[in-house]
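A.B. asks: one predicted model, sequence on top.
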Amino acid sequence: TINTLNESKHFDARVYDMLEAIIPPAPNEVQVVTLTQDNTAGTITIDGQTGSYDSVEAFKKTIDGAVIAFPGEEGKETVEKFASNISVASVGFGEGVDGRDVVNFAMTFTFAPEFFSAQNQNMTIRLSNIGNATDSYLGVPRSIFVNTGGAQ
């Protein structure tokens, strides 16, 4: 019975690693007001606030670009998408506790169950897009910025 319980337990403390990885850097930083993790449904809901509507979108795209990596079969690294079914609700303009203008939001997503699994001891979360999740970075081909020796 103990082995079965150990195999089904969750490493909920990994939520701190998740937050460190998915909260975008300035100027798109997000303050998490509440975080609710539902292991039965496999969802996380984050109520937060940030400085602009663009920052909410950057946060959503950062979560969408996150992947988890853990040792797989034969010692090879297994990489899987961290989140799916990302939805944003209750986006609205308001006033923060310090009196400045903020955008409040609620974001819910389904997380990969492997992330919190006790069976994956060496789990990491990282961004597949090197931390830049903006449309201009993801949607514009890098090749147009190559200097071909012409005028600068």
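C.D. replies: Received, thanks. No experiment lies behind these values; they were computed from the predicted model shown.
A.B. asks: next, the buried residues of the longest helix seen in the chain.
C.D. replies: Across the chain, the longest stretch assigned as helix under DSSP state H is helix 53-64. Residues 55-64 are the ones in helix 53-64 that count as buried (16 or more other CB atoms under 10 Å). Using the backbone N, CA and C atoms, a C-beta is placed for each residue, glycine as well.
A.B. asks: which one of those is nearest to residue 123?
C.D. replies: residue 63 (16.7 Å; CB to CB).
A.B. asks: hmm, the closest one is touching residue 110, no?
C.D. replies: No: the criterion here is CB atoms under 8 Å, and residue 63 misses it with residue 110 at 10.8 Å.
A.B. asks: need the residues touching each of those two.
C.D. replies: Shared contacts of residue 63 and residue 110 (CB atoms under 8 Å, 6 or more residues apart in numbering): residue 83.
A.B. asks: ranges for the strands of the protein?
C.D. replies: 30-38, 43-50, 66-71, 77-81, 83-95, 101-111, 124-127 (DSSP state E).
A.B. asks: per-residue confidence at the residue nearest the centre of the chain?
C.D. replies: Per CA atoms, centre = their mean, the C-alpha nearest to the average position across the chain is that of residue 63, at 2.8 Å. On the pLDDT scale, residue 63 is placed at 94.
A.B. asks: which residues touch it?
C.D. replies: Residue 63 touches 22, 82-83, 86, 107, 109, counting by CB under 8 Å, 6+ apart.
A.B. asks: I'm done for today, thanks for sticking with me.
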